[in-house]
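>>> quick one: sequence and predicted model below, then my questions.
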Amino acid sequence: MTRTNVAPTKTNLLKLRDELKFSRLGYELLDQKRNILVIELLNIVDQTVDFQSRVEEELAKAFRALEDAVLEMGKLKVVNLSSAVNIDADIRIGVRKVMGVRLPVVNTEFKEWAPYFSPVGTSFWIDHAILSFKAALKQLGKLAELKICTGYRLDGQVIQRVPDTPDYDRCEPIYETWAGWQTSTRDARSWRDLPWQAQAYLRRIETLAGVPIRYISVGPERDQLIVI
């Protein structure tokens, strides 16, 4: 602690009293700022847990809707109808300030050309699945981590294929967790422009799929394409 030699005059004592009052006020303001930031960060943690729950809930709804569509139309017709679905997703990352601290804000926007028809017809369940997948995608953009499903656990055994429809309820997905990125990739035009987390994520997908990635879309526009 720094010591200051001050003559004990009335003027100096009054000056020190004012400085001490000002210091206490500054300390109280900093303490309030710290408490507000702690509360805000705790809220973000709670929201992240909520986002993860919403993603799982919406994906479950989407896959159940696809199951119903397959039962109604047949798997081949559902596959053919999927080619008529034309939706572009654009994730934008903004910033908001809390007590002078910059925090990221993630928003997902969709550009779509509905309704979705094909020569084989359509289904209410397809529309329901699309809505649930879009809701899940909105929440995925806000997570700091991404998951890759690498297999399923079925009756105690690990399988490396998509389970048959009757087995869905008995399957437990096996996930790998990878770091996400809180920066926009919409302006990336080469592999080097992508965040290292995105590069690692894509390389892992290549390894699991067993085929190289040739094109990476980073937005709805034609020039928002990276050719590897």
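Okay, I see it.
>>> just how off-centre is the biggest helix by length in the chain within its chain?
As assigned by DSSP state H, the longest helix anywhere in the chain is helix 10-73. Mean C-alpha position of helix 10-73 versus that of the full chain (Cα atoms, centre = their mean, to the nearest Å) differs by 17 Å.
>>> now do residue 53 against residue 70, distance only.
Separation of residue 53 from residue 70 (Cβ to Cβ, to the nearest Å): 26 Å. Quick note: C-beta positions are derived from backbone N, CA and C, even for glycine.
>>> settle it for me: which of those two has more neighbours?
Using other Cβ atoms under 10 Å as the criterion, residue 53 and residue 70 rank with residue 70 on top: 17 against 11.
>>> excluding sequence neighbours, find me the nearest residue to residue 88.
Distance criterion Cβ to Cβ, 6 or more residues apart in numbering; nearest residue to residue 88, sequence neighbours excluded, is residue 220 at 3.4 Å.
>>> for burial, what's the neighbour tally of the nearest residue to residue 51 once chain neighbours are set aside?
Distances taken as Cβ to Cβ, 6+ apart put residue 139 closest to residue 51, at 4.5 Å, once the chain neighbours are dropped. Neighbours of residue 139 under the rule other Cβ under 10 Å: 22.
>>> ramachandran coordinates for residue 139?
As for residue 139, its main-chain torsions (degrees, to the nearest 10) stand at phi -80, psi -30.
>>> isn't it up against residue 56?
No. Using Cβ atoms under 8 Å, residue 139 makes no contact with residue 56, being 9.5 Å away.
>>> any idea how far residue 64 is from the residue nearest to residue 51?
Distance of residue 139 to residue 64, given as Cβ to Cβ: 18 Å.
>>> and if you look at residue 136?
Remark: distance between residue 136 and residue 64 (Cβ to Cβ) = 13 Å.
>>> more neighbours: which of these two?
Applying other Cβ under 10 Å to residue 136 and residue 64 shows that residue 136 carries more neighbours, namely 19 against 16.
>>> quick check: angle from the helix or strand that contains the more buried one to helix 10-73?
Using DSSP states H and E, residue 136 maps to helix 124-140. Helix 124-140 and helix 10-73 meet at an angle of 160 degrees, taking axes from the mean of the first three to the mean of the last three Cα atoms, to 10 degrees as the criterion.
>>> can I get the next helix or strand after helix 124-140 as PDB, trimmed to CA atoms?
Helices and strands here follow DSSP H and E; after helix 124-140, the next one along the chain is strand 145-154. Output of strand 145-154 as PDB, limited to C-alpha atoms (Å, rounded to 0.1, in the frame of the first residue of the first chain):
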ATOM      1  CA  GLU A 145     -19.900 -26.300 -29.200                       C
ATOM      2  CA  LEU A 146     -21.000 -28.500 -32.100                       C
ATOM      3  CA  LYS A 147     -21.700 -32.200 -32.000                       C
ATOM      4  CA  ILE A 148     -21.200 -34.900 -34.700                       C
ATOM      5  CA  CYS A 149     -23.100 -38.100 -34.500                       C
ATOM      6  CA  THR A 150     -20.600 -40.900 -35.200                       C
ATOM      7  CA  GLY A 151     -22.900 -43.900 -34.600                       C
ATOM      8  CA  TYR A 152     -25.800 -45.400 -32.600                       C
ATOM      9  CA  ARG A 153     -26.000 -47.700 -29.700                       C
ATOM     10  CA  LEU A 154     -28.700 -50.300 -30.300                       C
END
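>>> many thanks, I have nothing further to ask.
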